[in-house]
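*Asks:* Provide a 3D model corresponding to the input given below.
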Amino acid sequence: MTIDEELSLLDSQLRRLKIEYEIYFSNPTKKPPTDVEWKVLAMLRKFSDGGRLSFSQRFRYNELAQRYAIYSDLWRKKSRIREEGYRRPQDAILSVQGVRPEEHKPEHQVYGVGHKSSNEEGPFSVQCSDATAEREKVEQLYKALVTAKKKAGESVSGNLDSFSTFLQKKTDQLRKQHSCESVVYSVELQDGQVKLKAKAKA
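*Replies:* Okay, here's the model as predicted:
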């Protein structure tokens, strides 16, 4: 099985796990789907170092790991409520509502690649020396920038081609200016705004 096929399997297992948990929380006699969750965790651990993954695979893996982190955080809260009983009105709401990733920020990251710490996701970054030749890197950087801007509620201007042209000019400029081999670009959130940072790499 290829890595892409394994990531597709992880995606389907995660979808199945979400459905199984929904059934579990709506049925008092059901047991939690620990066997499915164990499979998901085993696959997340397998690719956690990111060493065997390409840029696109690492991007996809991070999305799956982030989704699991969001889900597991909500499942943990709902399980605690289920065990302890409904004490507050908001607990009763939490016990029946669906998973909405934009509303439930995870308290912890799970097996994400390139995280700064256990509770802070590091900026997405790529090292680039020739934007024209390294199309895949440019594509992943563009996707990360667009995703970050949408999450921050910022508008996205330009398309992938214009971004690629900009990146090529910027890379050439910085390489000449700093006499460096390549440039590291990172997508960061600074003062509530999404920034594309560039740093010369010897």
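*Asks:* Please identify the buried residues of whichever helix in the chain runs longest?
*Replies:* Counting residues, the longest helix found in the chain (DSSP state H) is helix 55-84. Judged by neighbour count using 16 or more other CB atoms under 10 Å, the buried positions of helix 55-84 are 55, 57-62, 64-75, 78, 81. Where C-beta positions appear, they are placed from N, C-alpha and C, glycine not excepted.
*Asks:* and what of stretch 2-19?
*Replies:* 7, 10-11, 13-14, 17-18.
*Asks:* Please report phi then psi for Ser155.
*Replies:* Torsion angles at Ser155 (phi, psi; degrees, to the nearest 10) stand at phi -80, psi 150.
*Asks:* pretty sure it is touching Val146, no?
*Replies:* No - assessed by CB atoms under 8 Å, Ser155 is found out of contact with Val146, at 10.6 Å.
*Asks:* more crowded one of those two?
*Replies:* The neighbour count for Ser155 versus Val146, taken as other CB atoms under 10 Å, is higher for Val146 (18 against 6).
*Asks:* from the chain's centre, how far out does stretch 182-190 sit?
*Replies:* 16 Å (CA atoms, centre = their mean, to the nearest Å).
*Asks:* which residues are contacting it?
*Replies:* Contacts to stretch 182-190, defined as CB atoms under 8 Å, 6 or more residues apart in numbering, come from residues 123-129, 141, 144-145, 148, 152, 167, 170-171, 174-175, 194-201.
*Asks:* Okay, the spatially most central residue of the chain and Lys143: tell me how far apart.
*Replies:* In the chain, the centroid-proximal residue (CA atoms, centre = their mean) is Glu63; its distance is 3.3 Å. For Glu63, the distance to Lys143 equals 10 Å [CB to CB, to the nearest Å].
*Asks:* just Glu20 next, same as before
*Replies:* 30 Å.
*Asks:* Could you do Phe124 as well?
*Replies:* 9 Å.
*Asks:* the more surrounded of these two?
*Replies:* Phe124 (22 against 17).
*Asks:* In three-state terms, label Val126 for me.
*Replies:* strand (DSSP: H, G, I helix; E, B strand; the rest coil).
*Asks:* Tally up the residues packed near it, please.
*Replies:* So Val126, with other CB under 10 Å, has 20 neighbours.
*Asks:* For it, give its distance to Ser155.
*Replies:* Taken as CB to CB, the span from Val126 to Ser155 is 23 Å.
*Asks:* By average pLDDT, which secondary structure element in the protein comes out worst?
*Replies:* Within the chain, no helix or strand scores below helix 89-96, which has a mean of 52 by mean pLDDT, DSSP states H and E.
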